[in-house]
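K.L.:
Below are the sequence and a predicted model; questions follow.
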4 protein chains.
Amino acid sequence: MSIDFDILPSDPVPIYRQIVDQVRRRVASGGLAAGDELPSVRALAQAHAINPMTVSKAYSLLEAEGLLERRRGMGMCVAAVRSARSASQRLALLEPALQAAAQQARELGLSAEQAQQLFTHCLARAGLPSGPDQEEP
Amino acid sequence: MSIDFDILPSDPVPIYRQIVDQVRRRVASGGLAAGDELPSVRALAQAHAINPMTVSKAYSLLEAEGLLERRRGMGMCVAAVRSARSASQRLALLEPALQAAAQQARELGLSAEQAQQLFTHCLARAGLPSGPDQEEP
Amino acid sequence: MSIDFDILPSDPVPIYRQIVDQVRRRVASGGLAAGDELPSVRALAQAHAINPMTVSKAYSLLEAEGLLERRRGMGMCVAAVRSARSASQRLALLEPALQAAAQQARELGLSAEQAQQLFTHCLARAGLPSGPDQEEP
Amino acid sequence: MSIDFDILPSDPVPIYRQIVDQVRRRVASGGLAAGDELPSVRALAQAHAINPMTVSKAYSLLEAEGLLERRRGMGMCVAAVRSARSASQRLALLEPALQAAAQQARELGLSAEQAQQLFTHCLARAGLPSGPDQEEP
DNA sequence: GTGGTCTAGACCACT
DNA sequence: GTGGTCTAGACCACG
């Protein structure tokens, strides 16, 4: 399968949102390229034991967003437009999360060094590559 | 006023949760010390144009948590118990946000260096002190 | 009620789409101004004997589009941005329908005069004002 | 080739319907006369990169309607019966599109003059003859 | 096979 | 009161 989602039904963020977010980021990173097929609604629903309507809702939102294209009778694929983005654009997508974390760190009375050190730990645990950059389009 | 909240009604996180989280962090950091008064429900509600019920819900949760104490007729204040926490405890409160950001960075195909650099920028913008630590109790 | 929809369940265009289209046009025309409240999901559903989910779907699409804003616990209202549009922008919204009609007329071997005459008849029947313009923002 | 279709796979109206509608109108106008041959299913499918089943479905509907005739081993042709229609009948086929456009214009708060002017522009761009009528049978 | 639409009902979250 | 989410099942349209 071209993409395997991480779905956590117990997560506070709704399932359909988990799908939407993951597709957005993978398209931005180039992990999903223009023309790539997505798993069918039914297949994805069955694979994660969720309702097809939930998957359909996620796909519909992504289509309205212009990220996915519906090919009638043939499933959905990544739209030609809006495929992989530059590193700076991808960083812009990451910024809100880090901005919120920075504010939390401030409210917690932590120093910048303490927060940076913890983030480095989290990045290592998440298994990010340590090169200066990656797969630049 | 002893504390000024950052309330963003358009934020996806509910208003009452924004209040609760900010009080938690400031108590943990010592920014709010035992005995400090909080703005009254109606004052806080009016200042941010939100529903008094929303503020009341946040305060009630914090009271149930033991962080705030209700003094009849005199508003609420920070409870004596459970005041400032150690640096490691405060770091533990920050970790979830950074963990989520790290996963987003991975899905975006960014390198650890890129993410760290952006976080440093966010920390500087948020105005964190750069010393190795701060106001340790 | 601030707005009354024309819902035709038997129409080939889906119900949720009828709602979306009508809100779009009324916002563009200024019939719905920024800040105006919309009927609640349940109220609209009951008034037209349709499922609340159907209404909710329409509202969600309009919110994703930026036309409506959700005020938590207080229903939805027209967003401040993207309120009434200029006459030329509204004409642009009408153009696709007329473009399609023009192509049909050509394929039907009709003359421009015949098509124009029929359109004039339709406009009169729809009850349009005949002034050179209307409620320019 | 006796007819060249305008097929837009991304159009909301289904492909088979685009074919059916275009044949109907061109037969009504006389652009397709009794006995005229239509492109073969596989030729039309290949020319527009669509599924042969889709073309076949359209042709079958038109055959059931009596507009086309299947000649064994020789493709399809326009049936003798039901060839070109009178101008008033053709206008009746155009009316629904114009009726819908008129309602949209009303909801957009446009004046009749504005809508008529835009329609005139669309007709000119579509290349309609401006004579009072055309090729009346 | 594909996705789309609608229904019905339940439960949750926010104000 | 408000909207959001998810489930279950049915039916349709398209290729």
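P.N.:
Alright, I've got the coordinates.
K.L.:
Closest to the centroid, which residue in chain A?
P.N.:
Centroid-nearest residue in chain A, with Cα atoms, centre = their mean: residue A:22, separated by 2.5 Å.
K.L.:
next structured bit after the longest helix along chain A?
P.N.:
With secondary structure taken from DSSP state H, chain A has its longest helix at helix A:87-107. Per DSSP states H and E, helix A:87-107 leads on to helix A:112-126 as the next helix or strand towards the C-terminus.
K.L.:
Next, the angle from the longest helix of chain A to helix A:112-126.
P.N.:
Here the directions of helix A:87-107 and helix A:112-126 differ by 130 degrees (axes from the mean of the first three to the mean of the last three Cα atoms, to 10 degrees).
K.L.:
Report all helices and strands that helix A:87-107 contacts.
P.N.:
Using 3 or more Cβ pairs under 8 Å, 6 or more residues apart in numbering or on different chains; DSSP states H and E, the elements in contact with helix A:87-107 are helix A:15-29, helix A:112-126, helix B:15-29, helix B:87-107, helix B:112-126. The C-beta positions use only the backbone N, C-alpha and C, and glycine is treated the same way.
K.L.:
residues in contact with the last one?
P.N.:
If I follow you right, that is helix B:112-126. Outside helix B:112-126, the residues that touch it by Cβ atoms under 8 Å, 6 or more residues apart in numbering or on different chains are A:87, A:91, A:94-95, A:98-99, A:101-103, A:105-106, A:112, A:115-116, A:119-120, A:123-124, A:128-133, B:101-102, B:105.
K.L.:
how does it look with 7 Å?
P.N.:
Outside helix B:112-126, the residues that touch it by Cβ atoms under 7 Å, 6 or more residues apart in numbering or on different chains are A:87, A:91, A:94-95, A:98-99, A:102-103, A:105-106, A:112, A:115-116, A:119-120, A:123, A:128, A:130, A:132-133, B:105.
K.L.:
ok, now which ones touch the closest residue in space to residue A:100 that isn't next to it in sequence?
P.N.:
Once flanking residues are discounted, residue A:100 sits nearest to residue B:97: 6.2 Å by Cβ to Cβ, 6 or more residues apart in numbering or on different chains. Counting by Cβ under 7 Å, 6+ apart, residue B:97 makes contact with A:100-101, A:104.
K.L.:
Quick check: of the residues you listed, which has the highest neighbour count?
P.N.:
Neighbour counts for the contacts of residue B:97 peak at residue A:101, which has 26 neighbours (criterion: other Cβ atoms under 10 Å in any protein chain shown).
K.L.:
mind listing what that residue touches?
P.N.:
Contacts of residue A:101 (Cβ under 7 Å, 6+ apart): B:94, B:97-98, B:101.
K.L.:
Taking chain A, what residue is nearest to DNA strand F?
P.N.:
Relative to DNA strand F, the nearest point of chain A is residue A:73 (2.4 Å; Cβ to the nearest atom of the strand).
K.L.:
Kindly provide the distance from the nearest residue to that residue once chain neighbours are set aside to chain B.
P.N.:
Computed as Cβ to Cβ, 6+ apart, the closest residue to residue A:73 that is not its neighbour in sequence is residue D:51, at 7.7 Å. To chain B, residue D:51 is 35 Å away according to Cβ to the nearest Cβ, to the nearest Å.
K.L.:
for residue A:33, same thing?
P.N.:
In terms of Cβ to the nearest Cβ, residue A:33 sits 12 Å off from chain B.
K.L.:
and that residue, how many neighbours?
P.N.:
Neighbourhood size, residue A:33 [other Cβ under 10 Å]: 14.
K.L.:
Sketch out the low-pLDDT regions of chain A for me.
P.N.:
Within chain A, the ranges that satisfy pLDDT under 70 run A:1-2, A:82-84, A:131-137.
K.L.:
thinking again about what came up before, burial of the residue of chain A closest to DNA strand F, as a residue count?
P.N.:
Quick note: residue A:73 (other Cβ under 10 Å) scores 10 neighbours.
K.L.:
Reduced to three states, what does it come out as?
P.N.:
Assigned with DSSP: H, G, I helix; E, B strand; the rest coil, residue A:73 falls in the coil class.
K.L.:
Got phi/psi on it?
P.N.:
Dihedral angles of residue A:73 (phi, psi; degrees, to the nearest 10) stand at phi 80, psi 0.
K.L.:
quick revisit: could you let me know which of the contacts of residue B:97 ends up closest to residue C:5?
P.N.:
Comparing the contacts of residue B:97 against residue C:5 with Cβ to Cβ picks out residue A:100 as the nearest, at 38.8 Å.
K.L.:
how near is the closest one to residue B:94?
P.N.:
Distance, residue A:100 to residue B:94, using Cβ to Cβ, to the nearest Å: 11 Å.
K.L.:
what do you get for residue A:62?
P.N.:
Distance of residue A:62 to residue B:94, computed by Cβ to Cβ: 31 Å.
K.L.:
again with residue A:90
P.N.:
Separation of residue A:90 from residue B:94 (Cβ to Cβ): 23 Å.
K.L.:
Equivalent analysis for residue A:111, please.
P.N.:
As for residue A:111, its distance to residue B:94 is 12 Å (criterion: Cβ to Cβ).
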